[in-house]
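below are the sequence and a predicted model; questions follow.
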Amino acid sequence: WYQRRVRAKKTGELLRRFRTLMSSYGQLSAYIVPSDDAHMSEYVCEKFMRRAFVSGFTGSAGTAVVLKEKALLWTDGRYFLQAEEQMDENWTLMKAYMPGTPTEEEYLCSKLSPGEKVGLDPKTCSITRFKKLRKELGGVGIELVPVQDNLVDLIWDNAPALPEAPVFLHSVDYAGQAVASKLEQLRKNLKDKMCSSIVLSALDDIAWLYNLRGNDVNYNPVFYSFAIVDKDSSVLYVDEKKLSSDVKDFLSQACTTVKPYDDAYSDVKHLQGRVFLPLSTNAAIFEGVDESNRVIGQSPVQEFKAVKNAVELKGMRDCHVRDGAALTEYLHWLQAEVHKPGIVIDEVDGADKAEEIRSKHDKFVSLSFDTISSSGANGAVIHYKPEKGSCLQIDKDDIYLCDSGAQFLDGTTDVTRTVHLNTATDYQKDCFTRVLMGHIDLALAVFPPGTKGTCLDCLARRPLWDIGKNYEHGTGHGVGSFLNVHEGPCRIAAGKRMSKYEIGLNKGMILSNEPGYYEGGKFGMRIESLVEVVETSMGPENGKYLTFKTITMAPIDRKLIEPKLMSAPQLDWLNKYHLEVREKVGGLFKELGKSQDLIDWLHEATEPL
């Protein structure tokens, strides 16, 4: 299904220069180039796309390793074809997680001899990864060398600079909690941990703590920065040129000092007492803190922002009505356009149209990720990104999957709807209905406070398991409030996707509910809505049991549903949900003066089954 044809980047001269540097920087036998920035972000700006520059491979996940005679690139199955096409003959593709493929450290341990050295930039490596590399390489006598100068930067002529987009205020009218209150909450947590200070590196943690937002990274409204907070002071490390006088005054009123971004690396060396380092801390910060003072664990700020306050929850509910209206209008447009004679709409056209409609809604800022607009077989590629020249025409007689979302000033959205643009087969209906049944069963779950999502994951899978089918991705992730669309530490996942740092579910959390089913070369289907964790009337007064309230407001395609497979409670849930969508989205359509044809289409799409 992968049709893209590109010219591989020529890397021979780059690698020659790179190996010369490896020799001059302590006779390195190998150098590791991860995909990460200094903050372990999911998305990075161009300055930190070093692995893509040196290898030619532009996929979002992968690690390059350059040796004296070889260069290798590890990536996962989503990107095998892309990597093979984008890399030239100087590179060897290592198919990560496939039988017989060693990890980077296993390969290096087998190829290098005791006494040889492996270099990497510690700013691009997490604490956990750094400790694992050092332990495994050291176990066979190979030295891991933190190289303070990034070697890729030294051969990257005209490399991009750090973004200079302005930082802006996120009003308490949207944030719901003042910075002073958040700092007090954090300091109390540090006291409970018997720590003197904390170093914050995760960009969404910092944006949340200081009620600021930025535009340094696509889709995530964050800005490059560090922060150090102790019982007496709060320091934000950021390029001051990005701060307006209003932002500076705001920070001053919040008793927060501003220092240059890179000063964080030297300042951590002078911290006294126990220093809390979240897991997202890079190895350069980690190494800068006295070993006897380090305390490593899950960021408390991650836990704070996972539970939304009343203002954030209202914003999330409100923006999902607007977002649902935009998605409904897009699907109505698509259903009509693809059946018009002579009209050709490809997957990129569809994604662009969906963005155009969204962007006209109140408080819209940007998309929250690249829209997955996929027709037919492309729907089976879970992280598919359509590109002009290689994408498919949207087939009027096939299944179409659209996974999309937006950043609004009052919240973040992430929604997937799968539709059939004509008549579905019985088999397609059977598969889709089982995905829907799992989606509903999870939405109907009732559980005690603190239950981990891993305990609920099987509810979404059971209807598929009943016929020997499954899906190879997690069922749910946390979502930020005008922040990152993928947010920890709460989640709904099991197996290899489980995390020992996962926290239990509590009232006020927002997560996705997104079971799916995929058949390679044929179709993919996923139903994703965001849900709010709410209290029920059951259980003790000091610990009411919880359930999920779906806040995404967009119809689920009735043409793909076989009601005979569903139980009475499942049908009841679906019909009540559709009536709520009709009421809220239809009400907004009328308020916005949308066409009667669109309103009638929504009415039909939400008719009870």
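Thanks, I have the structure now.

what is the burial count for Arg19?
Number of residues near Arg19 (other C-beta atoms under 10 Å) recorded here: 18. Yep, even glycine has a C-beta here, placed from its N, CA and C like the rest.

mind checking the SS state of it?
Using DSSP: H, G, I helix; E, B strand; the rest coil, the structure places Arg19 in helix.

and the nearest residue to it once chain neighbours are set aside, how many neighbours?
Closest residue to Arg19 apart from its sequence neighbours, by C-beta to C-beta, 6 or more residues apart in numbering: Lys68 at 6.3 Å. The local packing of Lys68 (other C-beta under 10 Å) involves 13 other residues.

try Leu21
18.

for it, give me its contacts.
151, 154-155 (C-beta atoms under 8 Å, 6 or more residues apart in numbering).

contacting residues around the residue nearest in space to the middle of the chain?
By C-alpha atoms, centre = their mean, the chain has its centre lying nearest to His486, at 3.5 Å. The contact partners of His486, by C-beta under 8 Å, 6+ apart, come to 42, 477-479.

switch the cut-off to 6 Å
42, 477 (C-beta atoms under 6 Å, 6 or more residues apart in numbering).

equivalent analysis for Arg526, please.
416, 514, 516.

what helix or strand is Lys188 located in?
Under the criterion of DSSP states H and E, Lys188 resides in helix 179-192.

next one: Gly342
Here Gly342 is assigned to no helix or strand, by DSSP H and E.

what's the local residue count around it?
4.

same check on the one 3 residues further on?
When neighbours are counted by other C-beta under 10 Å, Ile345 registers 20.

quick check, it in contact with Leu392.
No. Here Ile345 does not reach Leu392: they are 10.4 Å apart, not a contact under C-beta atoms under 6 Å.

next secondary structure after the helix holding Lys188?
strand 197-200.

what helices or strands is that following strand leaning on?
For strand 197-200, the elements it packs on are strand 226-230, strand 275-278, judged by 3 or more C-beta pairs under 6 Å, 6 or more residues apart in numbering; DSSP states H and E.

can you tell me which of these is most buried?
strand 275-278 (a mean of 24; mean count of other C-beta atoms under 10 Å).

helix or strand right after that one?
Following strand 275-278 toward the C-terminus (DSSP H and E): helix 283-288.

got a list of contacts for the very next helix or strand once past that following helix?
Next helix or strand after helix 283-288 toward the C-terminus (DSSP H and E): strand 294-297. Contacts to strand 294-297, defined as C-beta under 6 Å, 6+ apart, come from residues 195, 274, 276-277.

go on, stretch 356-374?
219, 322, 326, 329-330, 347, 350-351, 354, 384-386, 401-410, 412, 485.

among the residues you listed, which are in strands?
Counting by DSSP state E, the contacts of stretch 356-374 place 401-404, 406-408, 412 in strands.

dump those residues into a markdown table; add neighbour count and distance to Tyr545 as well.
Below are the ones in strands among the contacts of stretch 356-374 laid out as a markdown table (neighbours: other C-beta atoms under 10 Å; distance: C-beta to C-beta, whole Å):
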| residue | neighbour count | distance to Tyr545 |
| --- | --- | --- |
| Leu401 | 27 | 34 |
| Cys402 | 26 | 34 |
| Asp403 | 24 | 31 |
| Ser404 | 26 | 33 |
| Ala406 | 30 | 32 |
| Gln407 | 25 | 33 |
| Phe408 | 26 | 31 |
| Thr412 | 30 | 27 |
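
determine which two of these are furthest apart.
Leu401 and Phe408 (23.1 Å; C-beta to C-beta).

ok, Glu535 - contacts?
507, 544.

Asp323 contacts Thr413, correct?
Yes. In this structure, Asp323 is within contact of Thr413 by C-beta under 6 Å, at 4.2 Å.

joint contacts of these two?
Joint contacts of Asp323 and Thr413 (C-beta under 6 Å, 6+ apart) are Ala406.

low-confidence ranges, this protein, go.
1-6, 495-499 (pLDDT under 70).

elements contacting the longest helix seen in the chain?
Taking DSSP state H as the criterion, the chain has its longest helix at helix 310-337. Using 3+ C-beta pairs under 6 Å, 6+ apart as the contact test, the elements touching helix 310-337 are helix 347-359, strand 411-412, helix 568-592, helix 596-605.

let me know which of these is tucked in deepest.
strand 411-412 (a mean of 30).

show me what the helix or strand just after that one is packed against.
Next along the chain after strand 411-412, taking DSSP H and E as the criterion, comes strand 415-420. Under the contact definition 3+ C-beta pairs under 6 Å, 6+ apart, strand 415-420 sits against strand 399-404.

need the residues that contact the strand it packs on.
354, 371-375, 379, 394, 416-421, 523-524.

pick the one among the residues you listed closest to Ile503.
Thr416 (25.0 Å).

hey, what's that closest one bridged with?
Beta bridges link Thr416 to Asp403, Glu528 when assigned by DSSP bridges.

that one is in contact with Leu530, isn't it?
No. Using C-beta under 6 Å, Thr416 is not in contact with Leu530; the gap is 10.6 Å.

neighbour count: the two, which is higher?
Legend: neighbour count by other C-beta under 10 Å for Thr416 and Leu530, higher for Leu530 (29 against 22).

neighbouring strands of the one helix or strand the more buried one maps to in the sheet, and parallel or not?
Using DSSP H and E, Leu530 falls within strand 529-535. Strand 529-535 has the following strand partners under DSSP bridges: strand 510-513 (antiparallel), strand 546-550 (antiparallel).

output the first one as PDB - backbone C-alpha positions only.
Listed in PDB are the C-alpha atoms of strand 510-513, where the atom choice follows Å, rounded to 0.1, in the frame of the first residue of the first chain:
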ATOM      1  CA  ILE A 510      -9.500  13.100  30.600                       C
ATOM      2  CA  LEU A 511      -8.500  10.000  28.500                       C
ATOM      3  CA  SER A 512      -9.100   8.600  25.100                       C
ATOM      4  CA  ASN A 513     -11.300   5.500  24.500                       C
END
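
what's that strand in contact with?
So strand 510-513 is contacted by 316, 414, 439, 442, 476-479, 528-532 (C-beta under 6 Å, 6+ apart).

after that strand, which helix or strand is next?
strand 516-519.

in that next one, what counts as buried?
The neighbour-count check on strand 516-519 (16 or more other C-beta atoms under 10 Å) flags 516-518 as buried.

tell me which of those is nearest to Phe432?
Using C-beta to C-beta, those come closest to Phe432 at Tyr517, 7.7 Å.

any idea how far the residue nearest to the centre of the chain is from Asp204?
10 Å (C-beta to C-beta, to the nearest Å).

in PyMOL, select just the buried ones from the contacts of strand 399-404.
Restricted to buried positions by 16+ other C-beta under 10 Å, the PyMOL selection for the contacts of strand 399-404 reads:
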select buried, resi 354+371+372+373+374+375+379+394+416+417+418+419+420+421+523+524
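
pull out the buried members of the contacts of strand 510-513.
316, 414, 439, 442, 476-479, 528-532.

before we move on, what SS does the closest residue to Ala605 other than its chain neighbours have?
Setting aside the residues directly before and after it, Ala605 is nearest to Pro555 in space (C-beta to C-beta, 6+ apart), at 4.1 Å. The three-state label given to Pro555 by three-state DSSP is coil.

now for Pro555: which residues touch it?
581, 605-606.
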